[in-house]
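# let me see the structure of the following:
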Amino acid sequence: MKHMKRFMALFAALALMLAMAAPAFAAGAVTYTITIQNPVGKYEAYQIFKGRLDGDTLSDVEWGSGITETGKTTMGDAATKAKALDGKGAADAQAFAKEVSAYLNTASAVASADYTAGASSTTISGLEAGYYLVKNTDNSVEGDNFYTDFIIQVVKDQTVQPKGDKPTLEKQIKHNDGTWDVVGDNQIGDIVKFRTITSVPDTSRYTTYDYTISDEMSAGLTSNVKSSTDVVIKVNDEDSKTLDTSYYTVTPNGNKFEVKVDIIRAVRDNLMAKGDTLYTYYAGTLNNNALVYNDGKQDNKAKLTYSNNPNSDSHGETAEKIVYDWTFKMTVKKVNGADTAQELTGAKFVLSTKAGLDLGTIDDDGVPTNETDLISLKDNADGTYTIAENGTSGATYVMTAGNIVIKGLDDAKEYYLYETKAPTHFNRLTDPVKVKISANYESDGSAVDNVTISVDGGSADSSMTVLVKNNAGTTLPTTGGIGTTIFYLIGGGLMVAAAVLLIAKKRMENK
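A predicted model of the protein is given here:
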């Protein structure tokens, strides 16, 4: 009986110990969830502090699993660090978040659930009690992380909002068929139109917001953006919602420029709202430095820099988007119409995009008196001519052929070669030669699939060569004009007249 009493006392003591220990075991097994509302991509959580949970307070604070050993050593005692932060404001929390972000143990990261675009929320589950730093893995740009909050206390399930959402940017060029896409083609001297399409983010938690579109044109394009008046911004691409220039500033720098939009003010003035789209229009000129296919093409790059934390001056950047502009060339060979293998020299030509031009009087050197609608050209003195920009020094309208190359031509335009002087002993063409270039591109516009040329509506030719034929000897008009009819009419008239005279003479003799 005595032994039984001792056993019962020991059992009771053991039961009491187990009962006291049970909450500790249970606490160790409990995990929590962070729900992120209106997510923008995927998130990761890093445990910064851990400890013994007393109600909703952590005691015996230690560094959490989210900090590297180097970070723990560098930042010192965890309890001391936590105590120093107790009761501090957002600025101190911000500074601490930046400090610990340099020592995050990526192997310990607890990722959010699979993200679906447009989802109302995403979750990070299985978190032990502690303090966590949560960052957006899709919005990290050059070390600046897109945090949901600086540090989140997790002693129960938590619901948080991201600090803003991530704006987007698309870049387009206007093709000569009137459509907007990633590729265009132009004649040197043409105005080339561009636009960016950017989204308006949620700025409700910001007092200031940086929203800067940066643009750069390659050497073959000259930026036409010199001031704010050279840029037009339309909300949702509606003419009636064109922003006044007071809502944005333009800073030009040669072939580069920046457009800073005062998003906060425009939202406050009800000119735009979260989810709207800004269409920003501007232009450049295809210049004499343009690369001609197949030596290359021109490009225009743009990106958007934006604020990504309302409690700091950190920024994010969109990916850089590029569009391409192409220009082309053709070879013109002057040949004998009776033997196309025989090349001729000494012919003179002018070029236009107009049919049926009246060139006026043409002098002995092939220079017309009427230059209206003729295309100005630069003689490169090597058998090539390049379409000239307005104001190009020494430009000419007249080309001398032989065998020449004309550079800087547009796809889809119809060009007309007018012969103003024929080779010696050959007849000058009375009608222009119509030429049209056609090109197809890779889907991103960075390469040409194929380019062809057609002459006078004929079949497409990938050689990009125009054979202009001249004939020697006297050429009389036939089909399609008065032709030999005039000779038949004159001859017939003479015969009738002779017959009338003969009849009249006989009548006189009979009398």
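# so Leu131 touches Gln158, yeah?
Residue 131: Tyr, not Leu. No - judged on CB atoms under 8 Å, Tyr131 makes no contact with Gln158 at a distance of 11.1 Å. All C-beta atoms are positioned from the backbone trio N, CA, C, and that covers glycine.
# overlap in contacts, these two.
Common neighbours of Tyr131 and Gln158 (criterion: CB atoms under 8 Å, 6 or more residues apart in numbering): Ile152.
# touching, Leu304 and Asp210? I think so.
No - here Leu304 does not reach Asp210: they are 10.0 Å apart, not a contact under CB under 8 Å.
# those two: which is more packed in?
Ranked by neighbour count (other CB atoms under 10 Å), Leu304 and Asp210 place Leu304 first, with 26 against 16.
# helices and strands around the host helix or strand of the more buried one, which ones?
Assigned by DSSP states H and E, Leu304 falls within strand 298-307. On a contact count with 3 or more CB pairs under 8 Å, 6 or more residues apart in numbering; DSSP states H and E, strand 298-307 meets strand 169-174, strand 191-199, strand 211-217, strand 315-317, strand 321-326.
# packing partners for the last one?
The contact analysis (3+ CB pairs under 8 Å, 6+ apart) places strand 321-326 against strand 169-174, strand 183-185, strand 191-199, strand 298-307, strand 433-441.
# ok now stretch 95-113, how far from the chain's centre?
34 Å (CA atoms, centre = their mean, to the nearest Å).
# out of the helices and strands packed on strand 298-307, flag the one nearest Val231.
Nearest of the helices and strands packed on strand 298-307 to Val231, taken as CB to CB: strand 211-217 at 9.0 Å.
# enumerate every residue touching the residue nearest the centre of the chain.
Central residue of the chain (CA atoms, centre = their mean): Lys171, 2.9 Å from the mean position. By CB under 8 Å, 6+ apart, the residues touching Lys171 are Val182, Phe194, Arg195, Thr196, Ile197, Asn300, Lys301, Ala302, Lys321, Ile322, Val323.
# burial of the second one, as a residue count?
Just to be clear, that refers to Phe194. With other CB under 10 Å as criterion, Phe194 counts 25.
# ok, it - contacts?
Here Phe194 is in contact with Lys171, Gln172, Ile173, Lys174, Asp215, Tyr281, Tyr282, Ala283, Gly284, Asn300, Val323 (CB under 8 Å, 6+ apart).
# check the last one too.
Contact criterion CB under 8 Å, 6+ apart gives Lys171, Gln172, Ile173, Asp181, Val182, Val183, Gly184, Phe194, Asp299, Asn300, Gly445 as the residues in contact with Val323.
# tell me how many other residues crowd the closest residue to it other than its chain neighbours.
With CB to CB, 6 or more residues apart in numbering as the criterion, Val323 has its nearest non-adjacent residue at 4.2 Å, and that residue is Ile173. Applying other CB under 10 Å, we find 25 residues neighbouring Ile173.
# now do the helices in the stretch 401-511 of the chain.
With DSSP state H, counting those that start in this stretch, the ranges of helices along the stretch 401-511 of the chain come out as 485-510.
# which stretches of it have low pLDDT?
Flagging of the stretch 401-511 of the chain using pLDDT under 70 yields the residue ranges 474-511.
# how much space between Gly41 and Asn308?
Distance, Gly41 to Asn308, by CB to CB, to the nearest Å: 12 Å.
# neighbour count: those two, which is higher?
Legend: neighbour count by other CB under 10 Å for Gly41 and Asn308, higher for Asn308 (29 against 17).
# next, count neighbours for the closest residue in space to that one that isn't next to it in sequence.
Excluding the flanking residues, the one nearest Asn308 by CB to CB, 6+ apart is Gly316, at 4.1 Å. Residues contacting Gly316 under the criterion other CB under 10 Å number 23.
# gap between Gly316 and Ala45?
Taking CB to CB, one finds Gly316 at 20 Å from Ala45.
# Provide a list of residues in contact with Val448.
Val448 neighbours (CB under 8 Å, 6+ apart): Tyr293, Asn294, Trp326, Ala439, Asn440, Tyr441, Glu442.
# does it have beta-bridge partners, and which?
Under the criterion DSSP bridges, Val448 forms beta bridges with Tyr441.
# before we move on, the earlier item: may I ask which two of the contacts of Phe194 are separated the most?
Spatially, the most separated pair among these is Lys174 and Asp215, at 15.1 Å (CB to CB).
# which of the two has more neighbours?
In terms of neighbours (other CB under 10 Å), Asp215 is the more surrounded of Lys174 and Asp215; the figures are 23 against 19.
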